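Trainee: with the sequence up front, the predicted model follows.
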Amino acid sequence: MVEEETADNQAPKRTRFRSGEAAGKAAPGSRSAKGKPWTFPRNTLEEAIKVAKAIEEKNAGNPMHAADLAKAVGFRQPSDWRFLDLLRSANQYGLASGSGATANVRLEKLGQDIVAPSSPQQRQDALLGAFRNVPEFARVEKFYGGKRIPEDEFFLNTLTREFKIARDRVERFSEVFLGNLKYLRAFAAGPDGAPEGDTGVPQAATRDVLEKPSTPRTISREPRVREFLDTCFVMMPFGEWPDRYYQEIFIPSIKEAGYEPIRADEVFTTGSVVEQIWEQITNAKVLLADLTDKNPNVFYELGLAHAARKPVVFAAARVEDVPFDLRHLRVIIYEVREPQWADKLRKSITDYLKNATKEPEKSIPHPFRSVQED
C-alpha cells in the first residue's frame, strides 16, 4: 500500500499499488516518500498533452474550468484522482497552469506550441522543452549525456543513489522517463536528435500507380519521423502486397488527413501482442480497416475497435468482403483494374478520415454509438 494525494490541499488516502508504482526492494540509504508531494509527473508527456489538446480543440485555447476539462479528456468528475494526476502532470511539464478540481486551467506557450505549432520544428522544440521542464528528467538526461541507459536494476539503483528518487516511486519514474524518451525520438525531438537507427527523414512514398513487378520488391521498414499528435491505427493483413499498399497509398493519404499512421507490426515489442494492439486502438483518434480477403486478425482488431467505441473507416477490394450489417458505415470499395485506382483510393481515404472525425457517429455501429453518447 502507498499513500496517494486525492487533490490539492486534501489529506492523502491509502490505496492499492497501481501499475508501475510497486515499491522496489529496500536499499541501503533509500527512503520512502509516503505522504510527500510528487516532484515529477506520474503521467508521460504523451498522456499529459491530452490536457493541452482538449483546451485547444474544445475551447479555442481559452482557459477552461476543470469540470469541463475533465469531461473533455474522458472523466466524469473533476475530483477523479486520475484526472487530478493528469492535470498535475500537465502543470509539471509546463503545458498548462492551474491544478485541482475547481481550477480554471490555462494553456501555456509550451502546450500551444505542441498542439498548434507554426512548424514541425516548433513542435519538436516544445516537446523537448516540456520534457526538460521537469528538473529530475533534465538532470538524468544530462547525467547519461546520450549514452546507453543500463538495464532496469542498475538504472533504478542509479536513480535512487544519484538522484535520490525514493524507492517506492523509482519504478514509476523509470517508466515515465523512458516512455518520454521513446515518444520524443519518434518526433526526432529526443536528446540525441533522431530516432534510434534513423538516418534522416525517409523519402516520400512513390505516387506511381501500382503494377505487379516481375520480381518481388522489399518494403522499407525504416522508422518514420512522426509529424502528427493524433494517430490513425491501420488494421490490415501483412505481406508483400498489403505492405506496398500501406507504404505507397495508406501512409500518404492518412498524413494528408492530418493523422500519424501506425500499423501493428511497427509497434510490436516484448509482451502481450493483444495488449499492445489494444493500447494503439484506444489511443487512436480514428482507425482504418482493410477488410479485403476477410483476414481473421483484422476482424478481431475491428471488434476491439468497436468495443472501444472508435470511429473506423473501411476499405475493401470487394463489397462482399464487408459484413452486410456494416455496409451502412463509411466503406471505400476500390477496384485495382480501374485506371488511376491508387490515386482515387488515396483521395477517398483522406476524405473519409476527415469526415469520420467531424461525424464519428457515422463510423461507429449503432449499439456502440449509444454507449459513446451516454
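Mentor: Looks like it arrived, so ask away. Being a predicted model, the structure only gives us computed values, none of them experimental. Residues are numbered from 1 along each chain as shown.

Trainee: and this structure, split by domain according to the record?
Mentor: 45-186, 231-373 (automatic domain parsing).

Trainee: low-confidence bits of the chain, can you list those?
Mentor: For the chain, the stretches flagged by pLDDT under 70 are 1-32, 190-223, 268-271, 362, 365-374.

Trainee: which residues in this protein form helices?
Mentor: Residue ranges of the helices in the chain, as given by DSSP state H, are 45-59, 66-72, 81-93, 109-115, 120-132, 135-144, 152-163, 170-186, 240-245, 251-256, 273-283, 296-307, 341-358, 366-373.

Trainee: relative to the whole chain's centre, how far out is the first one?
Mentor: A distance of 12 Å separates the centroid of the chain from that of helix 45-59, by C-alpha atoms, centre = their mean, to the nearest Å.

Trainee: tell me what that helix is packed against?
Mentor: strand 64-65, helix 66-72, helix 81-93, strand 96-97, strand 104-107, helix 109-115, helix 120-132, helix 170-186 (3 or more C-beta pairs under 8 Å, 6 or more residues apart in numbering; DSSP states H and E). C-betas here are computed from N, CA, C, even on glycine.

Trainee: show me what contacts the closest residue to residue 315 other than its chain neighbours?
Mentor: Of all residues not flanking residue 315 in the chain, residue 332 sits nearest, at 4.4 Å (C-beta to C-beta, 6 or more residues apart in numbering). Contact partners of residue 332, counting by C-beta atoms under 8 Å, 6 or more residues apart in numbering, are 313-316, 345, 348-349, 352.

Trainee: show me where the stretch 201-350 of the chain has strands.
Mentor: 231-235, 260-263, 286-290, 312-316, 331-333 (DSSP state E, counting those that start in this stretch).

Trainee: measure residue 354 to residue 97 for me?
Mentor: 33 Å (C-beta to C-beta, to the nearest Å).

Trainee: quick one: the most centrally placed residue in the chain and residue 90, what's the gap?
Mentor: Ranked by distance to the mean C-alpha position of the chain (C-alpha atoms, centre = their mean), the top residue is residue 283 at 5.1 Å. Residue 283 sits at a distance of 17 Å from residue 90 (criterion: C-beta to C-beta).

Trainee: same question for residue 116.
Mentor: 15 Å.

Trainee: over to residue 349?
Mentor: Relative to residue 90, and taking C-beta to C-beta, residue 349 is found at 33 Å.

Trainee: more crowded one of those two?
Mentor: Shown here are residue 349 and residue 90; by other C-beta atoms under 10 Å, residue 90 has more neighbours (33 against 25).

Trainee: find the nearest non-adjacent residue to the more buried one, please.
Mentor: residue 51 (3.9 Å).

Trainee: what about the one you found, neighbour count?
Mentor: Look at residue 51: counted by other C-beta under 10 Å, it has 29 neighbours.

Trainee: how about it, what does it touch?
Mentor: Residue 51 touches 69, 73, 86-87, 90, 95-96, 105, 111, counting by C-beta under 8 Å, 6+ apart.

Trainee: which of these has the largest number of neighbours?
Mentor: residue 90 (33 neighbours).

Trainee: re the thing from before, how about the domains of the chain in TSV, adding distance to residue 39?
Mentor: Converted to TSV, the domains of the chain look like this (distance: least, C-beta to C-beta, whole Å):
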stretch	distance to residue 39
domain 45-186	7
domain 231-373	27
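
Trainee: these: which one's closest to residue 225?
Mentor: With C-beta to C-beta as the criterion, residue 225 lies closest to domain 45-186 of the domains of the chain, at 7.7 Å.

Trainee: return the distance of the closest one from the chain's centre.
Mentor: Its chain's C-alpha centre and that of domain 45-186 lie 13 Å apart, by C-alpha atoms, centre = their mean.

Trainee: what's the span of it from first residue to last?
Mentor: For domain 45-186, the first-to-last residue distance is 13 Å (C-alpha to C-alpha, to the nearest Å).

Trainee: related to what we said a few turns ago, go through the domains of the chain and name the closest to residue 37.
Mentor: So among the domains of the chain, domain 45-186 is nearest, using C-beta to C-beta, at 9.2 Å.

Trainee: from the chain's centroid, how far away is stretch 300-309?
Mentor: With C-alpha atoms, centre = their mean, you get 17 Å for stretch 300-309.
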